[in-house]
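In: 3D model of this:
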Amino acid sequence: MIIWAAVAIIFLIAYIQIIRKAGYSGWWVLVGIVPLLNIVMFLVFAFSTWPVTRERDALRAQAGYSGTYPPG
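Out: Numbering: from 1, shown residues only. The predicted model follows:
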C-alpha cells in the first residue's frame, strides 16, 4: 500500500509538471479524476493551442523571427 501511494504521488507530480510546462494551471490534474470529464480534458488539451505556444508565436512575431538560419 505504501509503495502504491509513493508511485501515485510521483505520477501526480509528473502530471502537474507536464501541464504547467504546457502553460496551464497544475490544478487541471484534479479534473483527470472525474470520469468522462477526464476524456474531454484530454481531447481539449490535445487539440487546442497551448498557452505556451501562443506566447512563443507572439514573441516570434514581435522579433520578426523568420524560421530560417541565419536570421534575415
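
In: Can you name every helix or strand that the top helix by length along the chain contacts?
Out: Criterion DSSP state H: the longest helix present in the chain is helix 2-21. Packing contacts for helix 2-21, counted by 3 or more Cβ pairs under 8 Å, 6 or more residues apart in numbering; DSSP states H and E, involve no helix or strand. In short, each C-beta sits where N, CA and C put it, glycine included.

In: List the contacts of that helix.
Out: With Cβ atoms under 8 Å, 6 or more residues apart in numbering as the test, helix 2-21 has contacts from 25-26, 28-29, 32, 45, 52.

In: any idea which of the residues you listed has the most stuff around it?
Out: Val29 (21 neighbours; other Cβ atoms under 10 Å).

In: How about the contacts made by it?
Out: By Cβ under 8 Å, 6+ apart, the neighbours of Val29 are 12, 15-16, 19.

In: One more: Val44?
Out: Contacts of Val44 (Cβ under 8 Å, 6+ apart): none.

In: what's the next secondary structure element after the helix or strand in which it is found?
Out: For Val44, the host element (DSSP states H and E) is helix 37-47. Scanning forward in sequence from helix 37-47 by DSSP H and E, the next helix or strand is helix 51-63.

In: Let me know the angle separating that following helix from helix 2-21.
Out: 30 degrees (axes from the mean of the first three to the mean of the last three Cα atoms, to 10 degrees).

In: rewinding a little: so which of the contacts of helix 2-21 are in helices?
Out: Short answer: these in helices (DSSP H) are 45, 52.

In: Could you work out the most separated pair of the contacts of helix 2-21?
Out: Gly32 and Val52 (19.4 Å; Cβ to Cβ).

In: in this structure, what spans have low per-residue confidence?
Out: 65-72 (pLDDT under 70).

In: Please repeat the previous calculation with a cut-off of 50.
Out: 72 (pLDDT under 50).
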